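A.B. asks: need a 3D model of the sequence below.
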Amino acid sequence: MKVFISHNKADKTSARALAVLLVEQGVDVWFDEWEIRPGESITGGIERGLTESDVFVLLWSAAAHASNWVGTEVRAFIRGRVDDDGLRIVPLMIDGTALPALVADYRGFDLSGDMTLDQIAAELTGQPRDLEIARRLQTKLLELTASHATGGDPLPYLVCPTCASTELKRSTQEDRARDDVYYVIECRECAWTDWTQ
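C.D. replies: Numbering: from 1, shown residues only. Now for the predicted structure:
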């Protein structure tokens, strides 16, 4: 998926924030200030971005309504949509300005409501919000585990990964036949275990 973010410069802060959130979720984003370098053609860059993108996010506001550039981008993408019904148009309403007639039929998001840009990015990518929360929690758990690990603990679990209990029993077991020592951790509540040499 490659996302083209169409916006007026008055809405640049919201457009930039959405672009960053999408990139954080692994999405390829065409964003004018990232793609068009000094000395390059603005119209050529925009045309390339529209051609390469399959999702057109329209940040719609009074400023966008008054913008010739935004209007041209909308018309160009809608023309492409006529030939390729796999292209998606996603309006993101910043204020109460009525959408253009050709865009009003597409499901979008209303930023004046309770939705945040973070939630919108998750929905655009099709990633349920729960997965993003789980990813962040897992990252935090790994950080906490690393910061609380006592020196030499080969199994530095803080909580049981199955039931989240803190009742963990650590021990060593010796395999005399192989002359090996195993470090074992066991949850006293659910009997989960892990071991290492």
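A.B. asks: now for the spatially closest residue to residue 66 that is not a sequence neighbour: which residues touch it?
C.D. replies: Using Cβ to Cβ, 6 or more residues apart in numbering and skipping residues adjacent in sequence, the residue nearest residue 66 is residue 8, 7.6 Å away. For glycine as for every other residue, the C-beta is placed from the backbone atoms N, C-alpha and C. For residue 8, the contact set (Cβ atoms under 8 Å, 6 or more residues apart in numbering) comprises 59, 61, 63, 64, 66, 67, 69, 70.
A.B. asks: list the residues that contact the second one.
C.D. replies: Residues touching residue 61, when contacts are defined by Cβ under 8 Å, 6+ apart, comprise 8, 10, 11, 93, 94, 95, 97.
A.B. asks: could you redo the last one with a cut-off of 7 Å?
C.D. replies: 8, 11, 94, 95, 97 (Cβ atoms under 7 Å, 6 or more residues apart in numbering).
A.B. asks: ok, now the third one?
C.D. replies: Neighbour list for residue 63: 8, 10, 11 [criterion: Cβ under 7 Å, 6+ apart].
A.B. asks: ok, the residue nearest the centre of the chain to residue 123 distance?
C.D. replies: In the chain, the centroid-proximal residue (Cα atoms, centre = their mean) is residue 25; its distance is 3.0 Å. As judged by Cβ to Cβ, to the nearest Å, residue 25 and residue 123 stand 11 Å apart.
A.B. asks: for burial, what's the neighbour tally of residue 143?
C.D. replies: Each residue near residue 143 was counted by other Cβ atoms under 10 Å, and the total is 10.
A.B. asks: before we move on, back to that, was I right about the residue nearest to the centre of the chain contacting residue 121?
C.D. replies: Yes. Using Cβ atoms under 7 Å, residue 25 is in contact with residue 121, at 6.1 Å.
A.B. asks: what does the helix or strand of the chain with the lowest mean pLDDT rub up against?
C.D. replies: Least confident helix or strand of the chain, by mean pLDDT, DSSP states H and E, is helix 129-148 with a mean of 73. Identification of contacts with helix 129-148 by Cβ under 7 Å, 6+ apart yields 119, 122, 156, 157, 158.
A.B. asks: quick one, helices of this structure?
C.D. replies: Per DSSP state H, the chain carries helices over the ranges 12-24, 32-35, 42-52, 62-65, 68-83, 117-125, 129-148.
A.B. asks: dump those helices to JSON lines, plus distance to residue 183.
C.D. replies: Output for the helices of the chain, formatted as JSON lines (distance: least, Cβ to Cβ, whole Å):
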{"stretch": "helix 12-24", "distance to residue 183": "37"}
{"stretch": "helix 32-35", "distance to residue 183": "48"}
{"stretch": "helix 42-52", "distance to residue 183": "52"}
{"stretch": "helix 62-65", "distance to residue 183": "61"}
{"stretch": "helix 68-83", "distance to residue 183": "59"}
{"stretch": "helix 117-125", "distance to residue 183": "39"}
{"stretch": "helix 129-148", "distance to residue 183": "16"}
